[in-house]
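S.K.: Based on what follows, work out the 3D shape:
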Amino acid sequence: MSTHREMHFDARMSDQEALMWNVEKDPWLNPSGAALVILDRPIDRDQFRRRIRAMVADVPRFYERVVPGLGRLSPPTWVPDPEFDFDHHVRGLSLPQPGTDRQLLDLAAQLYEDTLDRTRPLWRFVIIDGLEGGRGAMFSILHHAIADGMGQLRLAEMFQELGPDEDVPAEVDLETIVADAVAAGHHRRRSGGDLSDGLVSTTTHTLGHLVRRQAGVARRLVGEVALWPADPRRAGEKAGELTHLAQSAIGQLSGSGTDVAGGSDIWKKRSRRRHLEHVSVPLDGVKRSAKAMGGSVNDLFVAALVEAAVRHHAARDVDVDAFNISFVVSTRTDDAAGGNAFTPVPVQVSGRPMPLESRFDDVRQAMAAKRTEAEETGGLSALAGVLNLLPTSVITNTAKAQAAKMDFATSNLRGAPVPLYVSGARVLNNVTMGPVAGTAANITALSYDGKFDLGVFVDPAAVEAPEDFRRCIQDSFADFLSWSG
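M.R.: Numbering: from 1, shown residues only. Predicted structure coming up:
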């Protein structure tokens, strides 16, 4: 498969990436994305390792670790990891018998909960054997600071194939490549050419960053902080103002300030635990139904999820005035791999029972209005620089409180329309695990080879009957796909 895309990897994180890095200091807000790929046979492990070694050699981000900037005044830097260990990032294991899909999904959730080591490069692959029916699987996790969903799909092209017998890359001396990159970094620091190390150079770069990217708000905040040592009371007086600023900014991202508080009364609890379910429906059916109803695939996707949530609650005799959910708008304007170019868009939709066509129209109209609003205001990208200047505790506490009001997040990704292979094994299904990050659930769809695969990733403390929620999603999609008007 082609690996000639432009790469979106800068020496420093963008403000948006730095925000995701910073909020992860509270593990409840883990922003990493993961995927479980189900294959028709086990992966050829030797071949896969060779492909991944070639990928790492071509994309330095995979052997780089994060070095924080000076305080919170500039984004962190990526530098080669002098202790890079390929075997730490590429592992293998086997499911115990009988190797059911339920065992596989539970394993994937467990692997996700094993968070990435923030002192190492932020990715991991796990090759899985022992599935019933002679199948195989692969789990992968990548920190959101490296790439968003679309960026990850494009990076995956580097180890995916269009056929089962494609040529395998030549062996690369990855250890020497990394050692040379580390040595080159040390040389630049000694000569003053690298701003990722050394107090004077880091301070100089930080000040330059503030002037260039945070000219207005940053100068005011930095000037304010500079006064605190001379007047300790001032810090206390300003703490409330900082908290209000964080609540206001994050509120724009989480949808607070709506006319109805909304939200499920039975999905209120939150935890760090995760549970994974999988739903797969025919892509052609989704397209036909969306067109017949006068909207897009994403409109139908979200409408079916809302309908499923309504049914799930009705079965428990729980009324919901409105659900607080979110969807993702891509802001990409190129075909590059890696990087982040997206904004999450909060939206409130009715939780009352209604005909399917009315449900579709309600969701479509609400999403269209919020999409326009996000495009006009700049969404997350416009606010990230301001948020990064606030104390970490203020940001994480506020983000947690706002995320707790969200019932579920959604994301819809467009994958390959043709079969793909991973080291000789054909991809059957893709189960994407989007970041739950303090909400009750994240449902991410990925279209691939005629399928519309949904990864239903939930916090089981919130959604206490995830299997029932999955059945409601299946039934809701079945009804939407059979809708005839």
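S.K.: Leaving out chain neighbours, which residue sits closest to P27?
M.R.: Spatially, and ignoring its direct neighbours in sequence, P27 is nearest to R272 (5.7 Å; CB to CB, 6 or more residues apart in numbering). Glycine gets a C-beta too; all of them are placed from N, C-alpha and C.
S.K.: Ok, L283 next?
M.R.: Using CB to CB, 6+ apart and skipping residues adjacent in sequence, the residue nearest L283 is F452, 4.5 Å away.
S.K.: Spell out, range by range, the strands that occur in the stretch 101-250 of the chain.
M.R.: Per DSSP state E, counting those that start in this stretch, the stretch 101-250 of the chain carries strands over the ranges 123-129, 136-142.
S.K.: So what's the gap between the first one and the chain middle?
M.R.: In terms of CA atoms, centre = their mean, to the nearest Å, the centre of strand 123-129 is set 18 Å apart from its chain centre.
S.K.: Quick check: bridge partners of the closest residue to E375 other than its chain neighbours?
M.R.: Excluding the flanking residues, the one nearest E375 by CB to CB, 6+ apart is V329, at 7.4 Å. Counting by DSSP bridges, V329 forms beta bridges with T343.
S.K.: Could you tell me how far V329 is located from A366?
M.R.: According to CB to CB, to the nearest Å, V329 and A366 sit 14 Å apart.
S.K.: One more: N412?
M.R.: N412 is 16 Å from A366, by CB to CB.
S.K.: and if you look at Y448?
M.R.: 28 Å.
S.K.: Could you report the pLDDT at the closest residue to V126 other than its chain neighbours?
M.R.: Sequence neighbours aside, F139 is the residue nearest to V126 in space, at 4.3 Å (criterion: CB to CB, 6+ apart). F139 carries a pLDDT score of 98 in this model.
S.K.: F139: what's it in contact with?
M.R.: 34-37, 107-108, 111, 125-126, 128 (CB atoms under 8 Å, 6 or more residues apart in numbering).
S.K.: what's the answer for D26, then?
M.R.: Here D26 is in contact with 396, 399-400 (criterion: CB under 8 Å, 6+ apart).
S.K.: 7 Å instead, please
M.R.: 396, 400 (CB atoms under 7 Å, 6 or more residues apart in numbering).
S.K.: Helices along the stretch 1-150 of the chain, start to end?
M.R.: 15-23, 45-58, 86-89, 101-113, 149-156 (DSSP state H, counting those that start in this stretch).
S.K.: Now render those helices as a markdown table, adding mean pLDDT.
M.R.: Supplementary listing: these in a markdown table, determined by pLDDT from 0 to 100:
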| stretch | mean pLDDT |
| --- | --- |
| helix 15-23 | 85 |
| helix 45-58 | 96 |
| helix 86-89 | 97 |
| helix 101-113 | 97 |
| helix 149-156 | 87 |
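S.K.: quick one, which of those is nearest to A441?
M.R.: Nearest to A441 among the helices of the stretch 1-150 of the chain is helix 101-113 (12.5 Å), distances taken as CB to CB.
S.K.: For the closest one, give me every contacting residue.
M.R.: Contacts for helix 101-113 (CB under 7 Å, 6+ apart): 34, 36, 95, 126, 128, 131, 137, 139, 141, 272-278, 433.
S.K.: Can you flag the buried ones in those residues?
M.R.: For the contacts of helix 101-113, a burial check counting by 16 or more other CB atoms under 10 Å picks out 34, 36, 95, 126, 128, 131, 137, 139, 141, 274-278, 433.
S.K.: and the two most separated of these?
M.R.: L131 and R274 (20.4 Å).
S.K.: give me the beta-bridge partners of V349?
M.R.: Counting by DSSP bridges, the residues bridging with V349 are F323.
S.K.: which residues does it contact?
M.R.: Counting by CB under 7 Å, 6+ apart, V349 has contacts 306, 322-323, 325, 362-363, 366.
S.K.: repeat for G294
M.R.: Taking CB under 7 Å, 6+ apart as the definition, G294 has no contacts.
S.K.: Report the secondary structure state of it.
M.R.: Following DSSP: H, G, I helix; E, B strand; the rest coil, G294 is assigned to coil.
S.K.: which residues of the stretch 301-450 of the chain fall in helices?
M.R.: Going by DSSP H, counting those that start in this stretch, the stretch 301-450 of the chain shows helices at 356-377, 379-388, 392-403.
S.K.: now for the ones you listed, which one comes closest to G151?
M.R.: Using CB to CB, these put helix 379-388 closest to G151, at 14.8 Å.
S.K.: what mean pLDDT would you report for the closest one?
M.R.: On average, helix 379-388 scores 64.
S.K.: Output the contacts of V349 in TSV, with distance to R288, neighbour count and pLDDT appended to each entry.
M.R.: Formatted as TSV, the contacts of V349 follow (distance: CB to CB, whole Å; neighbours: other CB atoms under 10 Å; pLDDT from 0 to 100):
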residue	distance to R288	neighbour count	pLDDT
V306	20	25	98
A322	29	21	97
F323	26	24	97
I325	24	29	96
D362	21	16	97
V363	18	27	97
A366	23	19	96
